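Peer 1: Here is the input, now give the coordinates:
(2 chains)
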2 protein chains.
Amino acid sequence: MRRIHELQTPALVVDGDVLEHNLRAMAEALPGPRLRPHVKAHKCTALAARQAAHGHRSFTCATIAEMEGMARAGLGDDLLLANEVLDARRLGAIDGRVTVAVDSEETIAAAAAGGVREVLIDVNVGLPRCGCAPTEAGRLADFARARGLLVRGVMGYEGHAMMIDERAQREAVVAESMDRLLAAHAGVGGEVISAGGTGSFDCNAAATEIQAGSYALMDTAYAKLALPFRPALFVLATVISVSEDFAVADCGLKALGMDHGDPSIDGARVWFCSDEHVTFAADGAVRIGDRVRVWPAHVDPTVAYHEHLHVAVGEEVLDTWPVDLRGW
Amino acid sequence: MRRIHELQTPALVVDGDVLEHNLRAMAEALPGPRLRPHVKAHKCTALAARQAAHGHRSFTCATIAEMEGMARAGLGDDLLLANEVLDARRLGAIDGRVTVAVDSEETIAAAAAGGVREVLIDVNVGLPRCGCAPTEAGRLADFARARGLLVRGVMGYEGHAMMIDERAQREAVVAESMDRLLAAHAGVGGEVISAGGTGSFDCNAAATEIQAGSYALMDTAYAKLALPFRPALFVLATVISVSEDFAVADCGLKALGMDHGDPSIDGARVWFCSDEHVTFAADGAVRIGDRVRVWPAHVDPTVAYHEHLHVAVGEEVLDTWPVDLRGW
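Peer 2: Predicted coordinates:
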């Protein structure tokens, strides 16, 4: 059995116990098909297999490469690409059930031309990103059906609600967003109303399925929301230099997603990150060679930098999973 | 010949003409061994080979993986790991000339134990990161020599000067930093005084060699400094959704380094990036399927997300280089 201190750093590590706690807590709240786990948060088919073991067999992806990798891993029972594409040929070639989000005549035509058979009408529910206007959804559904596509229903991601700390306010924005999605659904039909994320997993009453991903690993940004999921993912780093006021460890911004800001280190204040370094001031004594746990502010882009995800419980490394859904 | 519009997006693209302009301009200013190009900025041995073709045969690396990859590519004449390591065994096994930065008794002992033969004493010249105090440098050099290591000289990176817009102020901080490095060098000896970066390439008079990396590809952060190098690197993206006030292209924060902030799109204002999207408002008309060039704010962590770097001139893709120095 490998010990955690034998890992070469920087090393991406998931606490296996916390991961199982998070997977179990979510599977109890949203069992089976009520959750369509989003694999973009971990990009790891071995972790997706753990989600499947907890009862979820339908998955959400953000890229074609994620769709292909999930099917190759035998997890292609019901894959949704919750994103628009203009060249769907690789999707059409996947051996599995493939559904793709569409929000325009162009993306519908691309799905049909690429050999995809099923779509969801993607609706803008308030986040300025993809999605048609709710009033356009029915027309696009008709357009898709006329092209021979099966329209399974609608999706609409209320991403602008996810990071609202105050719960009542978050719930209000979610409810308002779902009013828009339900209005669209009335014109579209179909059995699927796909929406939500980790921040709305327990306050989105309209969706038939929730597309949460971050709940499995969590991060310091989501940790502020007082959800029943705990941070499971850290980057293990080695202290390589100690000065009078600060220390430096070998986990830099090429090992971390930085869009939500600097990472955290327990018992220390992070000053800044360079390409391959984090400079921090610790409350206690720090020695060269010490290992520190660097908690990323945003899990998704952190994972995408790493080839492997080590699963550890306490000091023992139980497994090493390839991060096999990277790239496009 | 492939055309640029045939590339699957997001695609990392370097303008081959601008790259050659940048390489030529630097080689004229700092010919041959006066420049020790830093490969962390591009992580690509094919690009390093272009730097070698412009006369530079000594290189700077930030990770052991970069050192190994450069040696494997036949570019191992004189490789400097400008970073501290506590396990140097992989360095000692490299078939090439290897020098490593040391700033403590521990890192010196690790170099000796790992089979590395040459070191530079890394000196803190004002940036709170690695490096010993200037007054400690001579003692550490003696300690290294007593361990059988050849001390080639000193290095000290004035990173805190790089992004100072105002040139006179930048020059003053560089000069002050180099006073510290020269003081350290007086106690260390050796022929190498390694320092500098793209922001100080023409105003660091003390260093015998400059460790610039960003000059080859540049980015919007460095572009503010009015240097003779031009932005050469962009992420090509496809517009996948258009709404009334904004459009969305398929280049998100997993295809971009975000620590210096949002990327730029010519003729548009970037609103925000999501994992796989950039939302922007364009001055002119935008249609689904349009290609846009997304200019990263920070090149180094952008490149590290991509497997390939396409070299294009105008609309033609001349070559596709593996980004083969990723990971650790």
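
Peer 1: ok, and what's touching the helix or strand where residue A:69 lies?
Peer 2: Per DSSP states H and E, residue A:69 falls inside helix A:64-72. Helix A:64-72 is touched from outside by A:39-40, A:43, A:45, A:48, A:59, A:61, A:76, A:79, A:81, A:85, A:90-91, A:94-96, A:98, A:324-328, with contacts defined as Cβ atoms under 8 Å, 6 or more residues apart in numbering or on different chains. Using the backbone N, CA and C atoms, a C-beta is placed for each residue, glycine as well.

Peer 1: Can you point out the buried residues in it?
Peer 2: A:64, A:65, A:66, A:67, A:68, A:69, A:70, A:71 (16 or more other Cβ atoms under 10 Å in any protein chain shown).

Peer 1: hmm, the longest helix seen in chain A in reach of chain B?
Peer 2: Ranked by number of residues, the top helix in chain A under DSSP state H is helix A:167-188. No - Helix A:167-188 lies out of reach of chain B by Cβ under 8 Å from any Cβ of the partner chain, never closer than 13.7 Å.

Peer 1: could you point out which element follows that helix?
Peer 2: Later in the chain than helix A:167-188, the nearest helix or strand by DSSP H and E is strand A:192-195.

Peer 1: quick revisit: what's the mean pLDDT across the longest helix of chain A?
Peer 2: In this model, helix A:167-188 carries a mean pLDDT of 97.

Peer 1: Where do the strands of the stretch 51-200 of chain A begin and end?
Peer 2: Chain-ordered strands for the stretch 51-200 of chain A, with DSSP state E, counting those that start in this stretch as the definition, fall at A:58-61, A:78-81, A:98-102, A:118-122, A:150-156, A:192-195.

Peer 1: Ok, which of those strands comes nearest residue A:318?
Peer 2: Each of these has some distance to residue A:318 by Cβ to Cβ; the shortest is strand A:58-61, at 23.5 Å.

Peer 1: distance of residue A:239 from chain B?
Peer 2: 9 Å (Cβ to the nearest Cβ, to the nearest Å).

Peer 1: tell me the angle of the helix or strand harbouring that residue relative to strand B:98-102?
Peer 2: For residue A:239, the element it lies in under DSSP H and E is strand A:233-242. Taking axes from the mean of the first three to the mean of the last three Cα atoms, to 10 degrees, one finds strand A:233-242 and strand B:98-102 inclined to each other by 80 degrees.

Peer 1: in its sheet, what does strand A:233-242 sit against?
Peer 2: Sheet pairing of strand A:233-242 (DSSP bridges) gives strand A:11-15 (antiparallel), strand A:247-249 (antiparallel), strand A:291-295 (antiparallel).

Peer 1: Relative to the whole chain's centre, how far out is it?
Peer 2: Centroid displacement of strand A:233-242 relative to its chain, using Cα atoms, centre = their mean, to the nearest Å, is 25 Å.

Peer 1: Ok, stretch A:254-274 next?
Peer 2: 20 Å.

Peer 1: is chain B contacted by it?
Peer 2: Yes - using Cβ under 8 Å from any Cβ, stretch A:254-274 reaches chain B at A:254, A:255, A:257, A:258, A:259, A:271, A:273, A:274.

Peer 1: could you pull out the strands for the stretch 201-328 of chain A?
Peer 2: Going by DSSP E, counting those that start in this stretch, the stretch 201-328 of chain A shows strands at A:209-210, A:233-242, A:247-249, A:264-265, A:268-273, A:278-282, A:291-295, A:308-313, A:316-322.

Peer 1: So which helix or strand of chain A has the lowest pLDDT on average?
Peer 2: Lowest mean confidence among the helices and strands of chain A (mean pLDDT, DSSP states H and E): helix A:220-223, at a mean of 86.

Peer 1: in that helix, what's buried?
Peer 2: Residues of helix A:220-223 classed as buried by neighbour count (16+ other Cβ under 10 Å): A:220, A:221, A:222.

Peer 1: Done for today, thanks.
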